[in-house]
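> For reference, the sequence and a predicted model appear below.
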Number of protein chains: 2
Amino acid sequence: MKWTDLDDNWCPVARTLSLVGDRWTLLILRDCFLGMSRFDQFVTSTGATRHLISDRLKRLVEADILEKKAYSERPKRYEYVLTEKGHEFAPALLAFRDWGKKHLPVRRATQA
Amino acid sequence: MKWTDLDDNWCPVARTLSLVGDRWTLLILRDCFLGMSRFDQFVTSTGATRHLISDRLKRLVEADILEKKAYSERPKRYEYVLTEKGHEFAPALLAFRDWGKKHLPVRRATQA
DNA sequence: CAACTTAGTTCTTATTTGGAACTTAAGGCA
DNA sequence: TGCCTTAAGTTCCAAATAAGAACTAAGTTG
């Protein structure tokens, strides 16, 4: 199945997944909510390849979830910031966070 | 990056994504909340391949989000039902649903 | 006995991803 | 001037993952 095959699905959950139902996309959005906005920050923070970040940012901009803004003219440099539509995605990430905190504790004790 | 590389991430969102950060996994969970429980229902409803469904159900059972129960002894037949941990994932799906309803309306009018 | 059902598995081919190097357009500095 | 650095990507090939269809197992039904 292609990325966009869920676009027209009757179910709003499926339509949402057609845009953001992907590990990397969601990690990028998390980073945006944590205040990150630049390409290399996303690469470092998520651990995804530059190729993947490039692709996912493109999709997010196209979907009007992020906006690509020049923050420097010479040299041309861009950053990615959440739109209103993007900001409204917060509850979903908060739900993920809460579930993770409750059900997937980190197991540090087993190290050392 | 492997499926489980986010397991031990400091961020609870990332840890959650390591389990369910995948289009098909989330669609299966949606179906569970809609009352589905059988292999072929998931295949039909999501449109994913049998292989994918098989793999994702395995992961969900391993993660204690779904439970595999025999509903018939002869012939042996199984169904998949949400555990308590799985039920508590509801807020995340509701957030996806709400966001999708608001920001991704279906565009039926353009057909016909 | 032949056909059907459910829950998968197997096979081969296509698509995606990973990882590293390369590009472009400056800016710094010796 | 020449060389190194930064930021934001792109390109390349190899490796991993998914698609699609057919096949299997263990019964049940007509």
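Here it is on my side, so go on.

> roughly how far apart are A:Thr46 and A:Thr25?
Using CB to CB, to the nearest Å, we find A:Thr46 at a distance of 10 Å from A:Thr25. Glycine gets a C-beta too; all of them are placed from N, C-alpha and C.

> residues contacting A:Leu52?
By CB atoms under 8 Å, 6 or more residues apart in numbering or on different chains, A:Leu52 lies in contact with A:Trp24.

> Check the spacing between it and A:Ala92 real quick.
Applying CB to CB to A:Leu52 and A:Ala92 gives a distance of 21 Å.

> same deal with A:Arg77?
Distance, A:Arg77 to A:Ala92, by CB to CB: 30 Å.

> between these two, which one's more packed in?
More crowded of A:Arg77 and A:Ala92, by other CB atoms under 10 Å in any protein chain shown: A:Ala92, with 24 against 12.

> wait, what's in contact with that one?
Counting by CB under 8 Å, 6+ apart, the residues that A:Ala92 touches are A:Thr16, B:Ala92, B:Ala95, B:Phe96, B:Trp99.

> My guess is the third one contacts A:Arg97. True?
No - the pair B:Ala95 / A:Arg97 is not scored as a contact, 11.2 Å apart, by CB atoms under 8 Å.

> Show the contacting residues for the closest residue in space to A:Phe89 that isn't next to it in sequence.
Once flanking residues are discounted, A:Phe89 sits nearest to B:Trp99: 5.7 Å by CB to CB, 6 or more residues apart in numbering or on different chains. B:Trp99 sits next to A:Pro12, A:Thr16, A:Glu88, A:Phe89, A:Pro91, A:Ala92 when contact means CB under 8 Å, 6+ apart.

> before we move on, what about A:Arg56?
Counted by CB under 8 Å, 6+ apart, A:Arg56 has contacts A:Asp22, A:Trp24, A:Thr25, A:Ile28, A:Ala48.

> Tally up the residues packed near the third one, please.
The number of residues packed near A:Thr25 is 24, by other CB under 10 Å.

> and A:Glu79, helix, strand or coil?
Here A:Glu79 is recorded as strand under DSSP: H, G, I helix; E, B strand; the rest coil.

> Many thanks, I have nothing further to ask.
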